[in-house]
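Asker: give me the fold of what follows.
(2 chains)
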Amino acid sequence: MKTIFTTTALVAAFGTAAAAQTTLQFWDNQQTESGLSQFQQEAVDRFMAENPDITVEVTTIPYPEYQQRLLTAVQGGNAPDIATLDQIWVAAFAQAGAVADLTDFAASAGLTRDGFFGGAWDSAVFDGRLYGIPFNVDVWQFSFYNQDLLDAAGVEAESLTTFEGLRAAAEAMTGDGQFGVGLFGHRGEDTVVVVNSFIFSNGGEVLDASGACALDEPPAVEAMEYLQDLAQFAPEGILNANSGTMRELFLNGSLAIEFWPALEQPTLQASDINWGFVNGTAGSGGTAIGTFGGWNLAVFESSENKEAAQKFIEFMVREDVNGDVVDLIPANTAAAEAFLAENREGPAEIMAHLGNAKPRPLSARYLEVAEIQMTLFQDVFSGANVAEAATAACADIDALN
Amino acid sequence: MTAKDRWLVWAFLAPALILMGVMLYYPMVGTVIESFYDTSFISPEPEFVGWAVYEKVWNSRQFPEVVWNSIYWTVGVVLLQNVLGFFVAMLLNQGLPAQGLLRALVLLPFVLPGVVTAILWRFMYDPQLGLVNSIMIRLGLFEDNAAWLADADTAMAAVIFVAVWKGFPFSMLIYLAALQNVDKSQLEAATIDGAGPWRRLIDVTLPSIKEVVVVNIVLTLILTFNYFDIVWVMTRGGPQNATHIFPTRIFETGFGQFRFGEAAVYGVFSILILAVLVALYVIVQTGASKRRRTS
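Answerer: Here you go, the predicted structure:
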């Protein structure tokens, strides 16, 4: 009888322990060859040591496949507990009811907009509710320049921060197989964020406060006309060129200025190029305003472990952890300052550019808006009348509503 | 065949038929049904809208572009791939020295994965760094760099060239096998009668392999219409939609913008066109079988 009791007690004890163990599925994507997976795993191990009742299984998916894999998982009812979502997907996932409302969790955990870059926080807000916690960020674009080419042409780097200065510099540095400015216009988000940044920096918007298209407003049209003119100083083939194409030319010394986020710095640090950067380009008297890129952590509505998932998110965005687990810039501003001081040139300039950057339109139909924008920008770079093309694009965007 | 035998035949066929039904026809029927619903990722509850999505797609700016591009792409690739494949097969059928090595070399593009081919040629076509412009300029054919994939006038032709480069060994293999089965005595008789190489090709070789030619053309029509990776990796359907064909449009609409209803409509049009091509293939094959039985 004693043996039976002992066995029963042991089974009960182990059974309870097994039932209390929670396993979280965490999906992330990898955009760079930074060895991030190893650092993330170390952080996950640390989290599991702090929370022995939670096991985290990390799945890292290559960036090009990530969107499709997530979409298929959600549609098939196999979504993970937590995943990183591109800022531009959050509204669609929220509208679809795929991700959980984190507003109350954030308030109770003390996670507030002040602790993060404002634009990144805003990218997770949809219909006044919070559906993600900013995880990592970057901003398009910084103008990275080849100092030797600037010196040879007698161009001051500071002049690149104004529309007129950038144009004059690009003109001065174009010729004999060399190109002044690395504009690109393929059908991709990197094209959208760069053109958006010129529009924002000229006082324009993509959508106005009411959600109506503002691309046909004078500031946006002027910015696109400016870029259309600037394209004559870019390498041939702008309509099929992307940021990667321009990086190749910049690294081989035939391109004077390339547009990239701060993520480009490790590549340039490893090169022989004598480089520097300025924070984008603005219209006369204005300040350059970049376009936010980055990822938010979201909990899926289908998760049966929301509490544990929220605990994991709280850990991942903590000041002492966030900098170790991202390959862009930590979204936690305190972590970002430490990260930039250690890993990037010009941390103060980067912080300033991040501080005033804007997110892309916070619309559940953003991807359709972006497709129309890509068509518009390709028309612009092909020499179309900008005002007419913008009017047509706005008609298409407004018809989405 | 007795009734019992017939049951036995169906019993053996059943697993394969069930598998085909689940894996092939269920998604196809699902696509047709989905095309009558307004459904996207952000409105997961499908709403029946009849022909509304068809009307939307039909009246869109992109639809005629996709149809025209698909015709241009398919006809261009099939024509050039078959002509080139046939003439290379003729060449390799002449008993040249090192014939085995030559065949292996010709087959190389075919064994490369489509994505690898596309990335390779993207570099080759690069306006500044690419080999194509470098050769053209050295030969004196161009003075300046051409942006092959970035110009709406040249992008489709450039992509077709790559697809032909990759695909012609497939056609060549089939033609070579057919050429090796042409009755040698007929060729010798034609030569004795004074027929030159061109006459022998027109009057003896082509009539002997005409069924293979037709089957090859229909097969490559089907394969080419469905092609995705080369176009997507090289241009993503650009510039200005100049290379958007049905498969790239379906992918972009469904997975890029989460608009499943519209993607399904493009899918249905795609299925209809492929059904015509498959029917053509079946007719050709059936006719060939009948002729073989008759002779």
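Asker: what's the burial count for residue B:97?
Answerer: Counted by other C-beta atoms under 10 Å in any protein chain shown, the residues lying close to residue B:97 total 6. To be clear about C-beta, it is placed using only N, CA and C from the backbone, and glycine gets the same treatment.
Asker: any idea how far it lies from residue B:169?
Answerer: 20 Å (C-beta to C-beta, to the nearest Å).
Asker: likewise for residue A:282?
Answerer: According to C-beta to C-beta, residue A:282 and residue B:169 sit 55 Å apart.
Asker: among the two, which residue is more densely surrounded?
Answerer: Using other C-beta under 10 Å as the criterion, residue A:282 and residue B:169 rank with residue B:169 on top: 23 against 20.
Asker: wait, what's in contact with the more buried one?
Answerer: B:85, B:88, B:106, B:107, B:108, B:109, B:110 (C-beta atoms under 8 Å, 6 or more residues apart in numbering or on different chains).
Asker: next, residue A:23: secondary structure please.
Answerer: Classification of residue A:23 using DSSP: H, G, I helix; E, B strand; the rest coil returns strand.
Asker: what's around the nearest residue to it once chain neighbours are set aside, how many residues?
Answerer: Using C-beta to C-beta, 6 or more residues apart in numbering or on different chains and skipping the chain neighbours, the partner closest in space to residue A:23 is residue A:55 (4.6 Å). Residue A:55 has 15 neighbours, counted by other C-beta under 10 Å.
Asker: which parts of chain B sit against chain A?
Answerer: B:41-44, B:126-129, B:144-152, B:155, B:235-241, B:252, B:255-259 (C-beta under 8 Å from any C-beta of the partner chain).
Asker: quick one: the helices in the stretch 151-295 of chain B?
Answerer: B:155-179, B:184-192, B:197-200, B:206-225, B:229-235, B:246-251, B:260-294 (DSSP state H, counting those that start in this stretch).
Asker: what are the buried residues along the first one?
Answerer: Read that as helix B:155-179. Neighbour-count burial for helix B:155-179, with 16 or more other C-beta atoms under 10 Å in any protein chain shown as criterion, is recorded at B:155-156, B:158-176, B:178-179.
Asker: returning to that earlier point: among the contacts of residue B:169, which are in helices?
Answerer: B:85, B:88, B:106, B:107, B:108, B:109, B:110 (DSSP state H).
Asker: among those, which pair sits farthest apart?
Answerer: Within the ones in helices among the contacts of residue B:169, B:85 and B:108 form the most distant pair, 14.5 Å apart (C-beta to C-beta).
Asker: residues in contact with residue 98?
Answerer: Picking chain A for this. If a contact means C-beta under 8 Å, 6+ apart, then residue A:98 has A:74, A:79, A:300, A:301, A:302 as its contacts.
Asker: residue B:253 now?
Answerer: Each residue near residue B:253 by C-beta under 8 Å, 6+ apart is listed here: B:259, B:262, B:263, B:266.
Asker: just confirm the first one contacts residue B:42, I think it does.
Answerer: No - contact between residue B:259 and residue B:42 fails when scored by C-beta atoms under 8 Å: they sit 9.3 Å apart.
Asker: just put the helices of the stretch 151-295 of chain B in JSON lines and tack on mean pLDDT and distance to residue A:151.
Answerer: As requested, these are exported to JSON lines (pLDDT from 0 to 100; distance: least, C-beta to C-beta, whole Å):
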{"stretch": "helix B:155-179", "mean pLDDT": "95", "distance to residue A:151": "38"}
{"stretch": "helix B:184-192", "mean pLDDT": "90", "distance to residue A:151": "73"}
{"stretch": "helix B:197-200", "mean pLDDT": "89", "distance to residue A:151": "66"}
{"stretch": "helix B:206-225", "mean pLDDT": "91", "distance to residue A:151": "52"}
{"stretch": "helix B:229-235", "mean pLDDT": "94", "distance to residue A:151": "37"}
{"stretch": "helix B:246-251", "mean pLDDT": "95", "distance to residue A:151": "45"}
{"stretch": "helix B:260-294", "mean pLDDT": "86", "distance to residue A:151": "52"}
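Asker: burial count for the residue nearest to residue B:205 when sequence neighbours are not counted?
Answerer: Sequence neighbours aside, residue B:182 is the residue nearest to residue B:205 in space, at 5.6 Å (criterion: C-beta to C-beta, 6+ apart). Residue B:182: 16 surrounding residues under other C-beta under 10 Å.
Asker: residues in contact with residue 76?
Answerer: As the question left the chain open, I've gone with chain A. Contacts of residue A:76 by C-beta under 8 Å, 6+ apart: none found.
Asker: my bad, the chain I had in mind was chain B
Answerer: For residue B:76, the contacting residues are B:156, B:157, B:160, B:164, by C-beta under 8 Å, 6+ apart.
Asker: where does the stretch 301-401 of chain A come near chain B, residue by residue?
Answerer: Taking C-beta under 8 Å from any C-beta as the test, the list of the stretch 301-401 of chain A residues beside chain B reads A:364, A:365, A:367, A:368, A:371, A:375, A:378, A:379, A:382.
Asker: got a list of what the residue nearest to the last one when sequence neighbours are not counted touches?
Answerer: The shortest distance from residue A:382 to any non-neighbouring residue, by C-beta to C-beta, 6+ apart, is to residue B:240 (6.3 Å). With contacts defined as C-beta under 8 Å, 6+ apart, the neighbours of residue B:240 are A:239, A:375, A:378, A:379, A:382, B:152.
Asker: from memory the last one sits against residue B:239, does it?
Answerer: Yes - with contact defined as C-beta under 8 Å, residue B:152 counts as touching residue B:239 (5.3 Å).
Asker: which one's more surrounded, the two?
Answerer: Set residue B:152 next to residue B:239 and count neighbours by other C-beta under 10 Å: residue B:239 wins out with 27 against 15.
Asker: pLDDT value on that one, please?
Answerer: Looking at residue B:239, its pLDDT stands at 90.
Asker: what about residue B:95, distance to residue B:179?
Answerer: As judged by C-beta to C-beta, residue B:95 and residue B:179 stand 12 Å apart.
Asker: so for residue A:2, what's the pLDDT?
Answerer: Here the pLDDT value assigned to residue A:2 is 48.
Asker: how about the residues of the stretch 51-200 of chain A near chain B?
Answerer: So the stretch 51-200 of chain A meets chain B at A:67-68, A:71, A:74-75, A:92, A:95-97, A:177, A:185-188 (C-beta under 8 Å from any C-beta).
Asker: can you list contacts of stretch B:217-229?
Answerer: B:70, B:73-74, B:77-78, B:81-82, B:113-115, B:118, B:163, B:167, B:170-171, B:245-248, B:251, B:270, B:273-274, B:277-278, B:280-281, B:284.
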